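> Below are the sequence and a predicted model for it; my questions follow.
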Amino acid sequence: MEKEVIALLIAKNFLGLEKFIDLFGTDIIKCIRSILNHPKEKMYHKEVENEVFYRIWQKIASYDAEKSSLKTWSLTITRNLCLDKKRQIIREQQIIPMEQLPESFWEEDYFEKENFLDLLTYLTDDDQLIFLKYYYYQDSAAEIAKELNMEVTQIYNRLSRGREKLRHSIKPT
């Protein structure tokens with residue numbers, strides 16, 4: 001079934017897109033809702049969903065079945081678009097809860113609001129999501145762990161390692 005869908009998408013046949021949505025649409029929507037999960041972000045669900053399907057339509061020729069399944073490839077595109085949208089929403093609102101950052105960061109002048117998101121680029125996508133949920137949305141470590149199917153100790157470990165990585169990346173040379 002996947003090979004047929006891929007062939008139709010590569011041929012730019014809309015039937016392929018319909019079949020793709022039937023196969024993976026639910027998983028894509030669940031992924032979008034899990035990442036853009038705050039009330040302020042709900043209005044962006046449909047926009048991101050459309051962008052995901054459009055991006056898949058555009059990029060299907062670059063899909064390599066030897067590297068991953070079509071589902072994994074699609075969900076990776078979905079996750080990346082959702083994280084990009086989350087960052088955009090945060091930038092547009094220009095609200096960064098600086099008071100939630102550890103005090104050691106306050107000692108340095110590097111942490112201006114507009115630089116917060118730029119600093120997150122030093123972290124992996126998963127760690128960026130954890131940092132945004134913990135420091136920006138003020139979700140508890142337990143809530144984040146439950147949502148990401150992780151242990152609470154893993155969340156705290158990632159936050160600690162991420163802070164250390166950020167400290168090293170902002171130290172003057």
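Sure thing, it's come through. Source: prediction; values computed, not measured.

> what about the nearest residue to residue 141 once chain neighbours are set aside, how many neighbours?
Spatially, and ignoring its direct neighbours in sequence, residue 141 is nearest to residue 155 (4.3 Å; C-beta to C-beta, 6 or more residues apart in numbering). Quick note: C-beta positions are derived from backbone N, CA and C, even for glycine. For residue 155, the count of nearby residues is 23 (other C-beta atoms under 10 Å).

> Looking at this protein, which helix is longest?
helix 70-93 (DSSP state H).

> From residue 48, how far out is residue 148?
Residue 148 sits at a distance of 19 Å from residue 48 (criterion: C-beta to C-beta, to the nearest Å).

> meant to ask about residue 19
Residue 19 is 21 Å from residue 48, by C-beta to C-beta.

> The two - which one has more neighbours?
Comparing residue 19 with residue 48 by other C-beta under 10 Å, the one with more neighbours is residue 48, at 23 against 18.

> Can you tell me the element the residue nearest to residue 141 falls in?
Using DSSP states H and E, residue 155 sits within helix 152-170.

> Kindly format the C-alpha coordinates of that helix as PDB.
What follows is helix 152-170, C-alpha atoms only, in PDB (Å, rounded to 0.1, in the frame of the first residue of the first chain):
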ATOM      1  CA  VAL A 152      10.800  12.300  35.500                       C
ATOM      2  CA  THR A 153      14.500  11.800  36.200                       C
ATOM      3  CA  GLN A 154      15.200  11.800  32.500                       C
ATOM      4  CA  ILE A 155      13.600  15.200  32.200                       C
ATOM      5  CA  TYR A 156      15.600  16.600  35.100                       C
ATOM      6  CA  ASN A 157      18.800  15.100  33.600                       C
ATOM      7  CA  ARG A 158      18.100  16.600  30.200                       C
ATOM      8  CA  LEU A 159      17.400  20.000  31.700                       C
ATOM      9  CA  SER A 160      20.600  19.900  33.700                       C
ATOM     10  CA  ARG A 161      22.700  18.800  30.700                       C
ATOM     11  CA  GLY A 162      21.000  21.400  28.500                       C
ATOM     12  CA  ARG A 163      21.800  24.200  31.000                       C
ATOM     13  CA  GLU A 164      25.400  23.000  31.100                       C
ATOM     14  CA  LYS A 165      25.600  23.000  27.400                       C
ATOM     15  CA  LEU A 166      24.100  26.500  27.200                       C
ATOM     16  CA  ARG A 167      26.500  27.700  29.900                       C
ATOM     17  CA  HIS A 168      29.400  26.500  27.700                       C
ATOM     18  CA  SER A 169      28.000  28.000  24.500                       C
ATOM     19  CA  ILE A 170      27.600  31.500  26.000                       C
END
